[in-house]
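Student: Okay, here's the prediction I keep looking at, along with the sequence it came from:
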Amino acid sequence: MDLNRRTLFRLAAAAGTAGVAGAAAMSRASVVPAARGARGVLVDTTRCVGCRACEAACAEANALAGPEKPGDDAVFASKRTTSPTSYTVVQKGSLKSPAGEDRFAKTQCMHCVEPACASGCVVRALEKTASGPVVYHKDRCLGCRYCMIACPFGVPKYEFASATPLVKKCTFCAERQANGLVPACTEVCPSGALQFGMRADLLEEAKARIYANPEKYVHKIYGEDEAGGTSWLYISDVPFESLRLPAGIEKKSYPELADGALSAVPFVITLWPPLLMGMYAFSKRRDEVAAREADGRQEGRHV
Amino acid sequence: MSEHAVKPEFWGGPWMRANLFLGMTFRDYVRSLVTPANALAAAILLAGLPTIAYRFWKGLGATTNLSQTNAWGIWVAFDVVCGVALAAGGYTVACAVYMFGQKAYRPILRPAILTGFLGYALVLFGLIVDLGQPWRLPYQFFLTPGTTAVMYEVGWCVFLYLMVLGLEFAPAALEWLGLVKLRRLLGSLTIGIIVLGVTLSTLHQSSLGAFFLMTPGKLHPLWYSPFLPIFFFVSSITAGLGMVIVESALSHRAFHDRLDPAAPVDLDRITLGLAKGGAIVLFAYFFIRLQGLVSSGRFDLLATGWGAWYLFEMLGFILLPSLLFAFAARRSSAKLARIAGVLTVLGVILNRFNVALIAFNWNVPDRYVPSAGEIITSLTIVTIGVLIFRWIVNRMPVVHEHPDWRGAH
Amino acid sequence: MNETQLLSPYAAKALEYALAVSYLLLFIPFWRFVQGEAAPVHALGFGWFQVPNGVHLHAGHAWARPEGGAVEVGLDDFAHKLVGPLETVRFPEIGAPVRQGQKAFTIVAGGQPLDVLSPVDGHVIEVNDAVRAHPADALRDPYGAGWLMRVEPRWLTGNLKNLFSGEAARRFLDAAAGKLAQRLTPQLGVVLQDGGTPVHGIARALDEDHWDELARQFLEGK
């Protein structure tokens, strides 16, 4: 193959342009940017009484066995986690409110605006929908469990006991929402702690509540920026860490962290071949020259 | 080059006896298999294969210590992540021989490619064992590709690279089978295949590091870095060099009778050449890791227990082998080079384990420890690899050249 | 990520640059060290055992050099260094027949008799009396003054086909050296590295108790 530098440069330039175009498409590792019609839930922990009706409603709506020890406050003794058979659990806070009341927070999938799990899912089993829920397609999942590794909130749970295991997590009642209903948990909440609506509206509502009662609330909406923004927003009058809401969550979306590496891929694909072929051509030429010189020396000797 | 390679007559004929049973009758061959090494291998397989079957029958929970907090265990950390790194000798030596024109390393090229090919095949095997529903592996290619996922890129790369390695190794098999035309065709494609292989390797070696870019809260700050992909790529080169040094030393001794006495290989000289490369790359790798530390600014963590562990990895398994390689090259001591090679390999394994298992979830009280089932499964996978390696080297022109194809591409 | 930033952003960036520059400064001497003059690889490396041109080696480490109508026969450099200084050489009678691959004469070293196979077919016409008188001297010039006997060949062309010469002979000795190299101990390696050989032969240094079996492995040409 006759390689000259001009051909190489032309190839590299053409490939480089393709690479940039590809990079632009590939770099946005998120699936669906925050759409206008995105729904969310505002959790006002100052109103939650820990009745756990949301857990029962969730179990019923998802045909799961009921919540553990319904009505028995002993479950609050230790930190609770969701499981393959309970998609949401109410946590009891380690601190009481300034007024001396117990505080509780419902935890479940946060349905991030740019979810790490969906962006990292190799078969799009986890997908962010335009209306807000991050849904799971159980017929696609091959069980690599990367979603569990990537999720900063530790949400996805796996059916390790099954021979055909699936990932289990809160669905945000996507099917109910598609049929014009509200999520089961928000429907049954007796104290109004859970408010379902458009995420943008809920953010406004949350800010309004904080502005109206600045001494009462912590001046932050948990989920506004966490992981680049989540659909489930929390306001509280006790520190969020005391409610078992993870601290140390990045302010930018997690898929953004992998952007750099992923955008480099098309560049490597386009640049490596000409680079390597160039090295090959160079070393081949060097060997040819050396061989010719050696022959020349032989000739000289025979003469 | 022989123009009249005889088409092999298979079943039971003289070709089978010569090429499958190493020149012995079937009965003698079977008898020759009774050795202590084979007994150990059989014991491992006897324990491991039923464990793997049980894993598929009863699910992952029955055989592993995986949990909701620790979703990845040694099957991912060792068989997949380490396996890919340690199989890197294939592309590094191929690049050296073909791109850099270093013909002196030809004698170790085929064993390195075989190690790479079997290594990746074992990675696939390990992946199949670890995945919850492995029969759905093709979904990422043909059904619902998750193009935004790092794993998508890794999946394609490993899939293609496995085929590339197969093509790179196929000439040896074709020479063994006497299929001249096919062998010649492949020979003409060598350079293209090698270029593809190096490109694919760069991509997926670095992407294994990219997996952990999304986990800054879970991976200890001394190991987490936005430069993880670069660290993984550069250390894959060191892993490749180290593995080739170790594997060639072991093969030369184990397969001594398969070497061609008319073409003796100065393995010591090759080893020292590799040692020079290893010294330089490890030196550079040490400094880019340091850059990662400086970039994170977390010098305060060096005073902690984790800091000591980090320094242990950095000084004992990156800087030390670099210096040992340098001294070995200087003193022309192949033995020292081999020790450094072992240290390098252990260092890469340590690093991958740290990133994927040990320094991952470092702040979680529920720490993962592999179960007996997981350990025996990993051992079984490695044993199968070694057995296949031995079977192939004992029959095909890997450590010696086929007399009809001397000096061919 | 930056809660515990020890340095200001300016200092941190300056440190990054400083580290990179330090690396470059260290890299230059490191590269030179690695690529520099390597120690000579003597210990049984390539070309350690000599064989001159015109000499044909037998697999049993005897050599044959055709000279005029006769063939000069001796023991090669490798075998001499392997067994060490000879104590006695039991020559065959003048006129005795020799067959290629069959025992030609016996050397005695370290009290052990070792058979040496003949490289050619023919009959003995002369033996080296100098070596008979002082066998230990043969070691010093194995291909010259250390010749052992002269043979009138019966079928030289055919015999030569079974012997190694030139490059093939060197490769043969390198392969033999390789077999020995695998058994090297560190102390022996140092001796050989300096270009010397153990006083009583390499075989003795490798395996005090069974050195004669080791030597026989090579002399039997298998």
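Tutor: Great, that's in hand.
Student: residue ranges with poor pLDDT in the chain?
Tutor: Chain wasn't specified; assuming chain A. The model of chain A has pLDDT under 70 over residues A:1-36, A:298-303.
Student: Switch to chain C, please.
Tutor: Looking at chain C by pLDDT under 70, you get C:1-6, C:40-48, C:182, C:184-199, C:222.
Student: Could you list the domains of it?
Tutor: Per the record, chain C has its domains at C:1-38, C:56-219, by automatic domain parsing.
Student: got a markdown table for those domains, with distance to chain B too?
Tutor: To be clear about C-beta, it is placed using only N, CA and C from the backbone, and glycine gets the same treatment. Formatted as a markdown table, those follow (distance: least, C-beta to the nearest C-beta, whole Å):
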| stretch | distance to chain B |
| --- | --- |
| domain C:1-38 | 4 |
| domain C:56-219 | 5 |
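Student: Buried deepest among those, which one?
Tutor: domain C:56-219 (a mean of 18; mean count of other C-beta atoms under 10 Å in any protein chain shown).
Student: thinking again about what came up before, out of the domains of chain C, flag the one nearest chain A.
Tutor: Comparing the domains of chain C against chain A with C-beta to the nearest C-beta, the closest turns out to be domain C:1-38 (8.3 Å).
Student: quick one: that closest one to chain centroid distance?
Tutor: Between the centre of domain C:1-38 and the centre of its chain there are 48 Å (C-alpha atoms, centre = their mean, to the nearest Å).
Student: Once you drop chain neighbours, what's closest to the residue of the stretch 151-300 of chain A found nearest chain B?
Tutor: At 3.0 Å from chain B, A:Ser283 is the closest residue in the stretch 151-300 of chain A, using C-beta to the nearest C-beta. With C-beta to C-beta, 6 or more residues apart in numbering or on different chains as the criterion, A:Ser283 has its nearest non-adjacent residue at 3.0 Å, and that residue is B:Gly101.
Student: That neighbour touches A:Arg286, doesn't it?
Tutor: Yes - the pair B:Gly101 and A:Arg286 qualifies as a contact (C-beta atoms under 8 Å) at a distance of 6.6 Å.
Student: More neighbours: the two, which one.
Tutor: Set side by side, B:Gly101 and A:Arg286 show unequal neighbour counts under other C-beta atoms under 10 Å in any protein chain shown, the larger going to B:Gly101 at 17 against 12.
Student: any idea how far the more buried one lies from B:Val80?
Tutor: In this structure, B:Gly101 and B:Val80 are 33 Å apart, going by C-beta to C-beta, to the nearest Å.
Student: Check the secondary structure at B:Phe389 for me.
Tutor: On the three-state scheme (DSSP: H, G, I helix; E, B strand; the rest coil), B:Phe389 is labelled helix.
Student: wait, I meant B:Ser67
Tutor: Taking three-state DSSP, the label given to B:Ser67 is coil.
Student: Relative to B:Pro50, how far out is it?
Tutor: Shown here: B:Ser67 relative to B:Pro50, a distance of 24 Å by C-beta to C-beta.
Student: Mind jotting down where the strands sit in the stretch 1-150 of chain A?
Tutor: Listed from the start of the chain, the stretch 1-150 of chain A has strands (DSSP state E, counting those that start in this stretch) covering A:39-44, A:89-92, A:104-107, A:126-128, A:134-136.
Student: And the longest helix belonging to chain A, what does it pack against?
Tutor: Ranked by residue count and defined by DSSP state H, the top helix of chain A is helix A:254-302. Helices and strands in packing contact with helix A:254-302 are listed as helix A:5-27, helix A:116-120, helix B:150-177, helix B:190-210; criterion 3 or more C-beta pairs under 8 Å, 6 or more residues apart in numbering or on different chains; DSSP states H and E.
Student: Indicate which one of the ones you listed is closest to chain C.
Tutor: helix A:116-120 (16.7 Å).
Student: Tell me if the closest one is near chain B.
Tutor: Yes - against chain B, helix A:116-120 shows contacts by C-beta under 8 Å from any C-beta of the partner chain at A:116, A:119-120.
Student: and those as a markdown table, adding distance to C:Gly158 and neighbour count?
Tutor: Listed next are the residues of helix A:116-120 next to chain B as a markdown table, based on distance: C-beta to C-beta, whole Å; neighbours: other C-beta atoms under 10 Å in any protein chain shown:
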| residue | distance to C:Gly158 | neighbour count |
| --- | --- | --- |
| A:Ala116 | 80 | 30 |
| A:Ser119 | 78 | 30 |
| A:Gly120 | 75 | 26 |
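Student: Can you classify whichever residue of chain B sits closest to chain A as helix, strand or coil?
Tutor: Relative to chain A, the nearest point of chain B is B:Gly132 (2.0 Å; C-beta to the nearest C-beta). Classification of B:Gly132 by three-state DSSP places it in coil.
Student: Count residues in the vicinity of the residue nearest to it when sequence neighbours are not counted, would you?
Tutor: If you skip the residues right next to it in sequence, B:Gly132 has A:Gly143 as its closest partner in space, 2.0 Å away by C-beta to C-beta, 6+ apart. One way to gauge burial is a neighbour count; for A:Gly143, by other C-beta under 10 Å, it gives 21.
Student: Among the helices and strands packed on helix A:254-302, show me which one is buried the most.
Tutor: The most buried stretch of the helices and strands packed on helix A:254-302, if neighbours are counted by mean count of other C-beta under 10 Å, is helix A:116-120, with a mean of 29.
Student: Which residues does that helix contact?
Tutor: With contact meaning C-beta atoms under 8 Å, 6 or more residues apart in numbering or on different chains, helix A:116-120 is reached by A:29-31, A:124, A:126-128, A:134, A:146-147, A:150-152, A:155-156, A:227, A:253-255, A:258, B:146, B:148-151, B:214.
Student: Tell me where the model's unsure across chain B.
Tutor: Checking chain B against pLDDT under 70 turns up B:1-12, B:261-262.
Student: What residues does it have near chain C?
Tutor: Along chain B, the residues adjacent to chain C under the rule C-beta under 8 Å from any C-beta are B:216, B:221, B:253, B:261-264, B:266, B:268-269, B:272, B:276, B:279-280, B:283-284, B:287, B:290-291, B:294-300, B:325-326, B:329-333.
Student: ok, and which of the residues you listed reach chain A?
Tutor: When those are checked against chain A using C-beta under 8 Å from any C-beta, the ones in range are B:Pro216.
Student: In PyMOL, select just the buried ones from the residues of chain B next to chain C.
Tutor: The PyMOL command for the buried members of these (criterion: 16 or more other C-beta atoms under 10 Å in any protein chain shown) is given here:
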select buried, chain B and resi 216+221+264+266+268+269+272+276+279+280+283+284+287+290+291+294+295+296+297+298+325+326+329+330+331+332+333
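Student: quick one: the strands in chain C?
Tutor: C:56-57, C:62-67, C:70-75, C:88-90, C:97-98, C:103-109, C:112-117, C:122-127, C:149-153, C:164-165 (DSSP state E).
Student: Remind me what the fourth one packs against, helices and strands.
Tutor: If you count contacts as 3+ C-beta pairs under 8 Å, 6+ apart, strand C:88-90 packs onto strand C:103-109.
Student: Show me what the strand it packs on pairs with in its sheet, parallel or antiparallel.
Tutor: If you go by DSSP bridges, strand C:103-109 pairs up with strand C:88-90 (antiparallel), strand C:112-117 (antiparallel).
Student: Contacts only, for B:Val150.
Tutor: A:120, A:258, A:261-262, B:207, B:210-211, B:213.
Student: likewise B:Phe286?
Tutor: Going by C-beta under 8 Å, 6+ apart, B:Phe286 touches B:314, B:318-319, B:322.
Student: Now list the buried members of the residues you listed.
Tutor: By the neighbour-count criterion of 16+ other C-beta under 10 Å, the contacts of B:Phe286 include these buried positions: B:314, B:318-319, B:322.
Student: Show me what counts as buried in stretch B:334-342.
Tutor: For stretch B:334-342, the buried set under the neighbour-count rule, 16+ other C-beta under 10 Å, comprises B:334, B:336-341.
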